[in-house]
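In: coordinates for the following, if possible.
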Amino acid sequence: DIASMLAEDEAAREMDVPFRFGKGFDVNYTLKDGNWENTKNGRIWSIQFQSEGAFSINFIFNELFLPEGSELYIYNLEGTMVYGPVTSKQNLIKGKFLTDLVQGDEVTIHIFEPEKAKDKVRLTISRVIHAYVDMYDSSSSVLKSATLNCYNNIDCYPNWGEESDGVALILLSTGDAVCSGSMVNNTANDYTPYILTAFHCLDGNETSWMFKFGFRENDCGGMNYFATSYNGSGLTSSWVDSDFALLEMADSPVGNGNIAFLGWDNRNNTPTLGTSIHHPGGDYMKISFDNNGLTTNNTVLNWIGGTSSPVSTHWVVGFDNGTAEGGSSGGPLFDQNSKVVGQLHGGPNVCPPVNKYYGRFDVSWNGNNTNTTQLAHWLDPDNTGDPTTDLLRSPSITVPDLICYSGTTVSMQDPPGVTITWGGTNVTYPTGNTGTSVTVRALSTSTSNTGTVTASFTINGRNYTISHPVWVGKPAFTGLINGNISIPLD
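Out: Reported below is the predicted structural model:
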């Protein structure tokens, strides 16, 4: 009953609860319920779902194993949206696997299984979510309507481009509700994937959360974006008083040059202005501004639903431009130096002028003075005492898709200040394999095969390897297709 669910959602708008967008249905579908079709190099399994009237459909898998070479995709009937590939890198170890939302009310799950891995794929679908809110249409946001059009698309504010690369839309473990959050740096600058969000978003099953970065709309003539999602996390610390939660993602984003680790400031300084980047109602990324000095709450904050926040635990942010609503919860608050100083708890869901309340980063720093109720233990692992960190971009590598024996240059962007060692398969490095930029070539003049180029480094005891697939040596064939040189993929 969509009408009654919308009524429930409306009643919960002022509560400190995540934003619900869909209805989940518990199911139990396995590979036995789909169809197999043999292909030249393996076989393809598919199953189709239709949920009439759904704006999008997403899934929860409680079993997922893809052998090397297998790929899972989900696509809609119109062919306008494809999710994937999901590969062996995403095999489920614990918790559940949440897929992204695929537009439309009819979608197909598609798995390719290579011949060498026949009968090794495992999949169990435990939940299907019917979205009754259109998460891909800004006009369906609760506040963005003909009379309350008060949101700012992040793409129209390029000066905040780097900071926006650290903001994520979080799909909670039920698969039908969302919050916002941010990737934050630590004093070791070691790329630990910490996510700062709101305590009231926690649901007890954070191992199954999905984090989607780069979910933004090309609204001001900027570049087109492709959102990237990561699955799984572990809760490191949280504290109800300042409504913070810190999680560590199960997968590292190192290698994705479109992601940033945000800088922060843990000092007890009142910001002279405030800016927040978030996903209201699960919408494309938005930005909101308070152009005046912030204040702290001088009275207890009593939230609808029965919870309360003590005095001086929250920043009071009076938005002059833009606002926030359900789904924005956990979104970062930046000060005048673009440092994170808090995360959204809540406030009235109206257009500006409006006061919103953000848990104070400086209060959360020591929290309740235990490792599990503070930020300090995790974000300053070596006890440096540094009060701030800077934004740190994820390193990535630039590698051509074809590596010939004549050689070519490969390089790392935003490299860390440590030794980088290059390697891979079917390639060699004639002038040395260390440095931010090196020469790579095919292993021999007769090499003609798939291969990889890798870049590895260690920082603060953490080992990272970035890998890029390539074709090495002479292509198996050449030809012209529509005037473009064609090289084989496999």
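
In: how far does stretch 443-457 sit from the chain's center?
Out: Relative to the centre of its chain, stretch 443-457 is centred 30 Å away, using Cα atoms, centre = their mean, to the nearest Å.

In: contact partners of it?
Out: Stretch 443-457 has contacts (Cβ atoms under 8 Å, 6 or more residues apart in numbering) with 397, 399, 403, 405, 410, 412, 415-416, 418-428, 440, 463-476, 490. Quick note: C-beta positions are derived from backbone N, CA and C, even for glycine.

In: could you dump it to CSV, C-alpha only?
Out: Taking C-alpha atoms only, stretch 443-457 is exported to CSV below (Å, rounded to 0.1, in the frame of the first residue of the first chain):
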residue,chain,number,x,y,z
LEU,A,443,57.6,-9.2,-22.3
SER,A,444,59.0,-10.2,-25.7
THR,A,445,58.6,-9.5,-29.4
SER,A,446,56.4,-12.6,-29.7
THR,A,447,54.1,-11.7,-26.8
SER,A,448,50.5,-11.4,-27.9
ASN,A,449,48.1,-11.9,-25.0
THR,A,450,46.1,-10.2,-22.2
GLY,A,451,48.1,-8.9,-19.4
THR,A,452,48.1,-6.4,-16.5
VAL,A,453,50.1,-3.4,-15.3
THR,A,454,50.3,-3.0,-11.6
ALA,A,455,51.6,-0.3,-9.2
SER,A,456,52.2,-1.2,-5.6
PHE,A,457,53.2,0.7,-2.5
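
In: list the buried residues of that stretch.
Out: Of the residues in stretch 443-457, 443, 447, 451-455, 457 count as buried by neighbour count, 16 or more other Cβ atoms under 10 Å.

In: also stretch 309-324?
Out: So, applying 16+ other Cβ under 10 Å, buried residues of stretch 309-324: 309, 313-319, 321-324.

In: have a look at the chain and report its longest helix.
Out: helix 2-11 (DSSP state H).

In: pLDDT of the helix or strand just after that one, averaged?
Out: Downstream of helix 2-11, the first helix or strand assigned by DSSP states H and E is strand 19-20. Taken as a whole, strand 19-20 has a mean pLDDT of 92.

In: listing partners with orientation, what would you give for strand 19-20?
Out: When pairs are called by DSSP bridges, strand 19-20 turns out to pair with strand 177-184 (antiparallel).

In: what's near enough to touch the residue nearest to Asn35 when sequence neighbours are not counted?
Out: Distances taken as Cβ to Cβ, 6 or more residues apart in numbering place Ser46 nearest to Asn35, at 5.9 Å, with adjacent residues excluded. Residues in contact with Ser46 (Cβ under 8 Å, 6+ apart) are 34-35, 37, 108-111.

In: so of these, which ones are in strands?
Out: Per DSSP state E, strands hold the following members of those: 35, 37, 108-111.

In: including pLDDT, distance to His377 and neighbour count, could those go into TSV?
Out: As requested, the ones in strands among the contacts of Ser46 are exported to TSV (pLDDT from 0 to 100; distance: Cβ to Cβ, whole Å; neighbours: other Cβ atoms under 10 Å):
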residue	pLDDT	distance to His377	neighbour count
Asn35	97	51	10
Glu37	96	52	8
Thr108	98	46	16
Ile109	98	41	24
His110	97	44	19
Ile111	98	42	23
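
In: which of the contacts of stretch 443-457 fall within strands?
Out: Those of these lying in strands (DSSP E): 397, 403, 410, 412, 421-425, 427-428, 440, 463-473.

In: buried ones among those residues?
Out: Buried subset of the ones in strands among the contacts of stretch 443-457 (neighbour count, 16+ other Cβ under 10 Å): 397, 403, 410, 412, 421-424, 427-428, 440, 464, 466-468, 470-473.

In: quick check: the two most widely separated of the buried residues of stretch 443-457?
Out: With distances taken as Cβ to Cβ, the most widely separated pair in those is Thr447 and Phe457, at 26.4 Å.

In: was I right to think Gly293 contacts Asn269?
Out: No - if you go by Cβ atoms under 8 Å, Gly293 and Asn269 don't touch, sitting 10.8 Å apart.

In: let's see the pLDDT reported for the residue most central in space within the chain.
Out: In the chain, the centroid-proximal residue (Cα atoms, centre = their mean) is Lys212; its distance is 2.7 Å. What the model reports as pLDDT for Lys212 is 97.

In: what are the bridge partners for it, then?
Out: Per DSSP bridges, the residues bridged to Lys212 are Leu169, Ser229.

In: contact partners for it?
Out: Taking Cβ under 8 Å, 6+ apart as the contact definition, Lys212 lies against 100, 168-171, 227-229.

In: ok, and the most crowded of those?
Out: In terms of neighbour count, Ala168 stands highest of these at 31 neighbours, by other Cβ atoms under 10 Å.

In: what's the closest non-adjacent residue to that one?
Out: Closest to Ala168 by Cβ to Cβ, 6+ apart is Phe211, at 4.4 Å.

In: coming back round to it: export the buried residues of stretch 309-324 as JSON lines, with columns for distance to Arg216 and secondary structure.
Out: Formatted as JSON lines, those follow (distance: Cβ to Cβ, whole Å; DSSP: H, G, I helix; E, B strand; the rest coil):
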{"residue": "Ser309", "distance to Arg216": "31", "secondary structure": "strand"}
{"residue": "Thr313", "distance to Arg216": "31", "secondary structure": "coil"}
{"residue": "His314", "distance to Arg216": "27", "secondary structure": "strand"}
{"residue": "Trp315", "distance to Arg216": "25", "secondary structure": "strand"}
{"residue": "Val316", "distance to Arg216": "28", "secondary structure": "strand"}
{"residue": "Val317", "distance to Arg216": "22", "secondary structure": "strand"}
{"residue": "Gly318", "distance to Arg216": "25", "secondary structure": "strand"}
{"residue": "Phe319", "distance to Arg216": "20", "secondary structure": "strand"}
{"residue": "Asn321", "distance to Arg216": "18", "secondary structure": "strand"}
{"residue": "Gly322", "distance to Arg216": "15", "secondary structure": "coil"}
{"residue": "Thr323", "distance to Arg216": "18", "secondary structure": "coil"}
{"residue": "Ala324", "distance to Arg216": "16", "secondary structure": "coil"}
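
In: closest to Gly330 out of those?
Out: Lowest distance from Gly330 to the buried residues of stretch 309-324 (Cβ to Cβ) belongs to Ala324, with 10.5 Å.

In: got the residue ranges for the helices in the stretch 101-250 of the chain?
Out: For the stretch 101-250 of the chain, applying DSSP state H, counting those that start in this stretch gives helices covering 161-164.

In: returning to that earlier point: distance check, the residue nearest to Ala168 against Val340.
Out: 16 Å (Cβ to Cβ, to the nearest Å).

In: give me the element the nearest residue to Thr421 once chain neighbours are set aside is part of.
Out: Take Thr421 and drop its neighbours on the chain: the residue closest to it by Cβ to Cβ, 6+ apart is Ser456, 5.0 Å away. Using DSSP H and E, Ser456 sits in strand 448-459.

In: partner strands of that strand and their direction?
Out: strand 421-425 (antiparallel), strand 462-473 (antiparallel).

In: out of those strands, which comes closest to Ala198?
Out: Of the strands paired with strand 448-459, nearest to Ala198 by Cβ to Cβ is strand 462-473, at 27.1 Å.

In: what does that closest one contact?
Out: 190-192, 252, 254-255, 395-397, 399-405, 412, 424, 426-427, 442-458, 487-489.

In: average pLDDT for the helix or strand that contains the residue nearest to Asn35?
Out: Following DSSP H and E, one finds Ser46 within strand 42-50. Per-region confidence: strand 42-50 scores 97 on mean pLDDT.
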